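Student: Predicted model follows, preceded by the sequence.
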Amino acid sequence: MRDNLAEMTIPLGTEALMDRTDDRRLEHIYDAYAGRLYRYALAITSFPEDAEDAVQEVFVRVARKRRRTARMDDPQAYLFSAVRNAAYSILRSRRRRDALTEAFCAELSTGEQGNRVGDAGQSRAVCEALAGLPVEQREALVLKVYDQMSFKEIAETVGASLGTVASRYRYGVDKLRKALEVTDDE
């Protein structure tokens, strides 16, 4: 039995040593730069969550390409440039998302749909509450309430089961009620 175990042991070769060395180098780079990179990303994005996302994205990329990073004498320029690019990408994504939300809010507060909501203040509150929902719940609510689709039509549109769509709608309505502080008494 002892002889079999010895035969099963994999010798520690250069590949494993390189991986350990690369791992330690990555840890060292993270320890040396993460705080500074976060601060830089925060200055660009103004939101802690977005800054964390930018830094995490860069370190995930670096971890995937450890060997290439290991050959860098001074990774500072690469890291700051990569974090800058990631932060600006997050800003562009946020602007697109905000523009879509604004367009939806404008549509909601005017025309046929706006008449269902009420005054502009209430319309804005509904819009903000909708924007806070997970996309699947928001989708079910908008298709059901504003486009007056049946659950069956929504299920066909989004490629989900009838029960899933009904649940998404119900959970979305519950979250909207909480966000708007609407009770059954009102």
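Tutor: Done, it's in. Numbering: from 1, shown residues only.
Student: Distance from the chain centre to the helix ranked longest in the chain, please.
Tutor: The helix that spans the most residues within the chain, counting by DSSP state H, is helix 76-109. Distance of helix 76-109 from the chain centroid (Cα atoms, centre = their mean, to the nearest Å) equals 11 Å.
Student: The chain should start at 33 in everything you say after this.
Tutor: That works, and once the first residue is 33, the last one we named lands at helix 108-141.
Student: pLDDT averaged over that helix, what's the number?
Tutor: When pLDDT is averaged over helix 108-141, the result is 83.
Student: So Ser193 sits against Ile186, correct?
Tutor: No. With contacts defined as Cβ atoms under 8 Å, Ser193 does not count as touching Ile186, sitting 10.7 Å away. For glycine as for every other residue, the C-beta is placed from the backbone atoms N, C-alpha and C.
Student: Between the two, which is the more surrounded one?
Tutor: Ile186 (23 against 11; other Cβ atoms under 10 Å).
Student: returning to that earlier point: I'd like to know which elements the longest helix of the chain is packed against.
Tutor: helix 46-77, helix 80-96, helix 143-149, helix 152-163 (3 or more Cβ pairs under 8 Å, 6 or more residues apart in numbering; DSSP states H and E).
Student: in the longest one, what's buried?
Tutor: I take that to be helix 46-77. Of all the residues in helix 46-77, those buried under the rule 16 or more other Cβ atoms under 10 Å are 54, 57-58, 61-62, 65, 69-70, 72-74, 76-77.
Student: any low-confidence regions in the protein?
Tutor: Across the chain, the ranges flagged by pLDDT under 70 are 33-52, 54, 99, 101-103, 132-133, 136, 139-153, 214-218.
Student: Which residue ranges make up the domains of it?
Tutor: What automatic domain parsing lists as the domains of the chain is 34-128, 136-212.
Student: Please indicate which of the ones you listed has the most neighbours on average?
Tutor: Of all those, domain 136-212 has the most neighbours on average by mean count of other Cβ atoms under 10 Å, namely a mean of 16.
Student: So the residue minimising distance to the centre of the chain versus Lys210, what's the distance?
Tutor: Ranked by distance to the mean C-alpha position of the chain (Cα atoms, centre = their mean), the top residue is Asp85 at 8.4 Å. Using Cβ to Cβ, to the nearest Å, we find Asp85 at a distance of 26 Å from Lys210.
Student: Out of the helices and strands packed on helix 108-141, which gets nearest to Ile122?
Tutor: helix 80-96 (4.8 Å; Cβ to Cβ).
Student: contact partners of the closest one?
Tutor: 58, 61-62, 66, 69-71, 73-74, 76-77, 101, 107, 111, 114-115, 118-119, 121-123, 126 (Cβ atoms under 8 Å, 6 or more residues apart in numbering).
Student: Check the spacing between the residue nearest to the centre of the chain and Leu111 real quick.
Tutor: Plainly put, Asp85 is 15 Å away from Leu111 if you go by Cβ to Cβ.
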